[in-house]
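Participant: Structure of the sequence below:
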Amino acid sequence: MDLLYKAYSTPSDEDDEPQPDVEPTPPPLKRFKPQYPPALPKPNTFIPGRYISKRERSLSSPALSPPLPIPAAAASPVVGSISDSHLPRDILSSLRNQAKGCSQLGRMSERLSVDLQSHKKSVNTIQWSPTHAHLLASAGMDQTICIWNVWSRDQKKAREFSYHNAAVKDVKWLQQGLSVLSCGYDCSSRLIDVEKGLQTQIFTEDQVVGVIKLHPDNSNLFLSGGSNGRLRLWDIRTGKVVHEYIRGLGPILDIEFTVNAKQFISSSDVSGSNMSENSIVVWDVSRQVPLSNQVYVEAYTCPCVRCHPSDPFFVAQSNGNYIAIFSSCPPFKLDKYKRYENHGVSGFPIKCNFSLDGEKLASGSSDGCIYFYDYRSSELVQKIKAYEQACIDVAFHPHLPNVIAACSWDGAVSVFE
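Facilitator: Take a look at the predicted model:
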């Protein structure tokens, strides 16, 4: 009976039945709150068409970093002396006498006096210093500017500057002090202290700067012309553009102030636009308007423009292998009966220059010669064989009328007496 009872009986509520050991479940944890700001969504994860608030835009856009300062350029090593203490006595005496007005006009250069070798590529321009007449500056396609102490008995190359990052197209001496202004293919003009060998100022543009010209009456202003056809008047003191001359021109080849400095003449490449009437334009400096744009209507570009030092005329070197003559007074007419033609241009950037008294006009040539013309009769007076390749630029000495400097397409710089 006891066995049946145990088999069919049910446990009562009062009976204590052993329960299995079950671990209590812990309460759910709270969401973890990070102490750092959440990662911002990438700007490219926005769904097209969804509204984006200003806050989201500001958070998603990358922060603009302030412009980096231009690093200070190291001084160029001094190669030689710029002092006139190393000049021969006869040269030093001639320079001082000519500076006092004891000139010998009428004498012509005849022979090679000094040969200056340093540039590895074509030399684009040369210029004598107006205040230190024993110094000559040259700029070349090898990205360098050389300052030559021409008659020094020691090292003739006094300075070599490599501040430009591309070929140097033009260099000009400032009227006061020992500084040069240069421009080139790196879209900038640079002011360099020759004595200290330091670059003191940079004028950046949005075009290749092919030519610069200092204002004859205000040494703080200069004109620049570039590959986009833009002409700008800069103030060196502020480093900003004062005026801009707009006409939709081609690349600017040369610019020249008139004698009274109230106008300037620009020459541009019009071969791509077939608008030859804009090749030479006369501008009003202050009003920023062209006074005449139909000065030269022939289908040739003019790589060089020069004003006569005293008479109301200017000349333009033409790729038609001649130098044209124009009036510098309105209506700026071309002289159809007189021109200077014996030399060759043949697509080279050949330049020309007047002598001190304006009676002679010298021009480089594609055949490597220097041609001297009589200004009034336009006849060829003298011809000097200077180089095997094209003679690019010529520059009369500011005090010695029988001295002329020249440079060539092969990188040579020479002085003839």
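Participant: So which bits of stretch 238-246 are buried?
Facilitator: 243, 245 (16 or more other C-beta atoms under 10 Å). The C-beta positions use only the backbone N, C-alpha and C, and glycine is treated the same way.
Participant: Please list the residues outside it that contact it.
Facilitator: Here stretch 238-246 makes contact (C-beta atoms under 8 Å, 6 or more residues apart in numbering) with 201, 203, 221, 230-235, 266, 283, 285-286, 288, 290.
Participant: quick one: which of those is nearest residue 310?
Facilitator: Nearest to residue 310 out of the contacts of stretch 238-246 is residue 285 (C-beta to C-beta; 20.3 Å).
Participant: and that closest one, what does it touch?
Facilitator: Residues near residue 285 by C-beta under 8 Å, 6+ apart: 233, 243, 257, 261, 262, 263, 264.
Participant: Repeat the analysis, applying 10 Å as the threshold.
Facilitator: Residue 285 sits next to 215, 221, 223, 233, 242-243, 245, 257-258, 260-264 when contact means C-beta atoms under 10 Å, 6 or more residues apart in numbering.
Participant: Write a PyMOL command that selects only the buried members of those residues.
Facilitator: Only the buried entries of those go into this PyMOL selection, using 16+ other C-beta under 10 Å:
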select buried, resi 215+221+223+233+243+245+257+258+263+264
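Participant: hmm, back to that, and which of the contacts of stretch 238-246 is nearest residue 165?
Facilitator: Checking the contacts of stretch 238-246 against residue 165 with C-beta to C-beta, the nearest one is residue 203 at 14.5 Å.
Participant: in a strand, that's where the closest one is, yeah?
Facilitator: Yes - assessed with DSSP: H, G, I helix; E, B strand; the rest coil, residue 203 lies in a strand.
Participant: Does residue 387 touch residue 408 like I think?
Facilitator: Yes - the pair residue 387 / residue 408 is scored as a contact, 4.0 Å apart, by C-beta atoms under 10 Å.
Participant: can you give me the helices for this structure?
Facilitator: 2-8, 54-60, 89-99 (DSSP state H).
Participant: hey, least reliable of those helices by pLDDT?
Facilitator: Ranked on mean pLDDT, the bottom entry among those is helix 2-8, at a mean of 52.
Participant: Could you pull up the residues touching residue 204?
Facilitator: By C-beta under 10 Å, 6+ apart, residue 204 lies in contact with 70, 186, 187, 188, 189, 190, 239.
Participant: so where is this protein shaky, pLDDT-wise?
Facilitator: Low-confidence segments of the chain, defined by pLDDT under 70: 1-78, 98-110, 272-277.
Participant: I'd like the contacts of residue 204 as a markdown table, with distance to residue 116 appended.
Facilitator: Shown next, in a markdown table, are those (distance: C-beta to C-beta, whole Å):
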| residue | distance to residue 116 |
| --- | --- |
| 70 | 32 |
| 186 | 25 |
| 187 | 29 |
| 188 | 26 |
| 189 | 25 |
| 190 | 22 |
| 239 | 33 |
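Participant: Mind giving me the ChimeraX select for these, buried ones only?
Facilitator: To isolate the buried ones among these in ChimeraX, judged by 16+ other C-beta under 10 Å, type:
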select :186,187,188,189,190
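Participant: Out of the contacts of residue 204, give me the two with the largest separation.
Facilitator: Greatest spatial distance in the contacts of residue 204: 186 and 239, 16.8 Å, computed using C-beta to C-beta.
Participant: quick one on the thing from earlier: between the contacts of stretch 238-246, which sits nearest residue 326?
Facilitator: Comparing the contacts of stretch 238-246 against residue 326 with C-beta to C-beta picks out residue 266 as the nearest, at 13.1 Å.
Participant: coming back round to it: what about the contacts of stretch 238-246, which one has the most neighbours?
Facilitator: residue 266 (27 neighbours; other C-beta atoms under 10 Å).
Participant: Just to check, that one is in contact with residue 253?
Facilitator: Yes - at 8.4 Å, residue 266 and residue 253 qualify as touching, with contact defined as C-beta under 10 Å.
Participant: which residues do these two both contact?
Facilitator: Residues touching both residue 266 and residue 253 (C-beta under 10 Å, 6+ apart): 211, 225, 279, 280, 305.
Participant: Contact partners for the second one?
Facilitator: Residue 225 makes contact with 170, 183, 207, 209-213, 231-232, 245, 249, 251-255, 264, 266-268, according to C-beta under 10 Å, 6+ apart.
Participant: Same check on the last one?
Facilitator: Counting by C-beta under 10 Å, 6+ apart, residue 305 touches 211, 213, 253-256, 264-267, 280, 314-317, 324, 326, 351-352.
Participant: out of those residues, which are inside strands?
Facilitator: The strands, defined by DSSP state E, take in 211, 213, 253-256, 264-267, 280, 314-317, 324, 326, 352 from the contacts of residue 305.
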